[in-house]
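**Student:** quick check, what structure comes out for this input:
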Amino acid sequence: MSIKLTTYNVKGEKVGEFKTDSALFTETVKPGVVHEAYTILTSNMRQGGAHTKTRGEVRGGGAKPWKQKGTGRARHGSIRSPIWVGGGVTFGPRKEKSYKRDINKQAMRKALRMVLSNRAAHEHIFVMNDWNTAGKTKGFSELIKGLGIAGRKVLVVTPAKDEITYRAARNVARVDVLPANEVNIAELLEHTYLVINEETVKSLEQLFVK
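**Tutor:** Below is the predicted model of the structure:
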């Protein structure tokens, strides 16, 4: 099965087609697999900074607040009991908790290919034969306008780290630039459109088609 992607020049004009049978764009989309991969990835990115103190960690409360019997009040052993204001917290979040979850590498790669295939099917992938704007923001902004996606969430994926493209796009609203080896399913799902070139396709194939 092959798929045709439209190619564009630096002015955002259609100049031809890029035909490919790469698994990057022909994977059968299964929303459940994509959802699982996304939730596991974002869970693994959690730092787990929230931390509450137990009754043994809250300062104070060493003395029994009143004697056990004879006062007519309920018995208490510490003012730092969880049922007291200012006391410890029962079952609260702890910094030592790990949110890490495991997923097979092949499953994660397959989910990423599903997202790329979905973007291709909806014509949300733009293949550039040239995006050289000499590092100028104005030129890159005009390119995005020419493609008709100005103001939308756009991810530009370069074959490798590209400081010139990054410099040109970093001040264009809602546009992010990443090298192929830093692309993940979260980045793809958080951007509506994808701007790549043929070299990017080759780099992504080496990384995610095995």
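**Student:** confirm that R113 sits in a strand.
**Tutor:** No: using DSSP: H, G, I helix; E, B strand; the rest coil, the assignment for R113 is helix, not a strand.
**Student:** give me the below-cutoff pLDDT ranges for the chain.
**Tutor:** Under the criterion pLDDT under 70, the flagged ranges of the chain are 1.
**Student:** mind listing the helices for it?
**Tutor:** With DSSP state H as the criterion, the chain has helices at 31-44, 105-121, 137-147, 163-169, 185-189, 198-208.
**Student:** so which of those is nearest G88?
**Tutor:** For the helices of the chain, distance to G88 was read as Cβ to Cβ. The smallest value, 27.2 Å, belongs to helix 31-44. (Glycine included, C-beta is placed from N, CA and C.)
**Student:** measure P159 to A74 for me?
**Tutor:** Between P159 and A74 the distance is 70 Å, computed by Cβ to Cβ, to the nearest Å.
**Student:** kindly report the same for Y8.
**Tutor:** As defined by Cβ to Cβ, Y8 lies at a distance of 75 Å from A74.
**Student:** go on, Y193?
**Tutor:** Distance check for Y193 against A74: by Cβ to Cβ, it reads 63 Å.
**Student:** for the residue lying farthest from the centre of the chain, phi and psi?
**Tutor:** Within the chain, the residue lying farthest from the chain centre (Cα atoms, centre = their mean) is G70, at 61.3 Å. In terms of degrees, to the nearest 10, the main-chain angles of G70 are phi 90, psi -10.
**Student:** for it, what are its contacts?
**Tutor:** For G70, the contact set (Cβ atoms under 8 Å, 6 or more residues apart in numbering) is empty.
**Student:** then the one 10 residues further on?
**Tutor:** Residues near R80 by Cβ under 8 Å, 6+ apart: R55, V58, R59, G60, G61, G86, G87, G88.
**Student:** what's the answer for H51, then?
**Tutor:** By Cβ under 8 Å, 6+ apart, the residues touching H51 are P93, R94, K95.
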